[in-house]
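Whatever this is, show me its structure:
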Amino acid sequence: MSHVCQSCAMPMADESLYGTNADGSKNSDYCIYCYKNGKFVQDCTMDEMIEHCAGFIDEVNKNLEHPITKEEYIGQMKMYFPHLKRWRSQITISNDMPENPSLLGVKELVAKMADTLPITFISSVDQDGFPCTKAMLSPRVREGIRVFYFTTNTFSLRVAHYRANPKACIYFCDSEKFIGVMLRGTMEVLTDVKSKEMIWRDGDTEYYPGGVADPNYCVLKFTATDGRFYSDYYPRSFVIE
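Next comes the predicted model:
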């Protein structure tokens, strides 16, 4: 089975397209157009590489049932390229370590939005594979920008979705400043007493008369893997580790 170059995403069907290491051996991570003699051929940023690859959109469309425009290709690659080996280190945000200089301020932005915005939009996947989104009260507890805890009803449709398919997305939106942050990951449904007590607040009996032990009270634990933010009319993708 062929795989793609971890620099430009070009499919590499056979070894003739592999790049070369300093000792002349084949490098299966990168193609011959990106990597030769142990070095990258192009000294460029991820966005510059995407622009370069977009110049070959006619070749890309030859293998597509429904052709796409150059702009559509660029939009798709800006979501895909951050997961390639060459660019991953440049767009990774560590949940615990100091922030990546190239993403300065993003961690603080996500944390501030999670802590101050009253509403968070969460999405699940239904039984037919369609995305379903709803507005929720923002997370009550978070661990950095990777783990977020929400409260919800055990017998809700959302919980049923997550139990069948844990893939999830949460979205923070500051409409006044026109800033948005989307995080992708997985959602767990927690019903143990310790988790429920952790995010319980005074006044919750209005919604859950039975208190912490109320069977219709549970916790949603969202764990982010990657995300994308939009600020100053500029989108950027990142990976969370």
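
just the helices in this structure please.
46-54, 57-61, 70-80, 85-88, 106-116, 157-164, 193-199 (DSSP state H).

Show residues contacting the third one.
Helix 70-80 is touched from outside by Ala9, Asp47, Ile50, Glu51, Cys53, Ala54, Ile57, Val60, Ile68, Arg228, Pro235, Ser237, with contacts defined as CB atoms under 8 Å, 6 or more residues apart in numbering. Where you see a C-beta, it was placed from the backbone N, CA and C, and this is true even at glycine.

thinking again about what came up before, between the helices of the chain, which one is closest to Ala135.
For Ala135, the closest of the helices of the chain is helix 157-164, at 11.4 Å, according to CB to CB.

Partner strands of the helix or strand bottoming out on mean pLDDT in the chain, with direction?
Across the helices and strands of the chain, mean pLDDT, DSSP states H and E gives its lowest value to strand 92-93, namely a mean of 75. Each strand paired with strand 92-93, and its direction, by DSSP bridges: strand 234-240 (parallel).

So which residues lie in contact with the strand it pairs with, not counting its own?
Applying CB under 8 Å, 6+ apart, the contact partners of strand 234-240 are 78-79, 81-83, 88, 91-95, 103, 106, 145-146, 183, 224-229.

Return the members of these classed as buried.
For the contacts of strand 234-240, a burial check counting by 16 or more other CB atoms under 10 Å picks out 78, 81-82, 88, 91-93, 103, 106, 145-146, 183, 224, 226-229.

So for Val159, what pLDDT did the model give?
The score at Val159 is 97. That number is its pLDDT.

Please name the nearest non-neighbouring residue to it.
Nearest residue to Val159, sequence neighbours excluded (CB to CB, 6 or more residues apart in numbering): Val189, at 5.3 Å.

Note down every partner strand of the longest strand along the chain and its orientation.
Longest strand in the chain, counting residues (DSSP state E): strand 217-231. In the sheet, strand 217-231 lines up against strand 147-153 (antiparallel), strand 179-190 (antiparallel), strand 234-240 (antiparallel) (DSSP bridges).

if you average pLDDT over that strand, what comes out?
pLDDT averaged over strand 217-231 gives 91.
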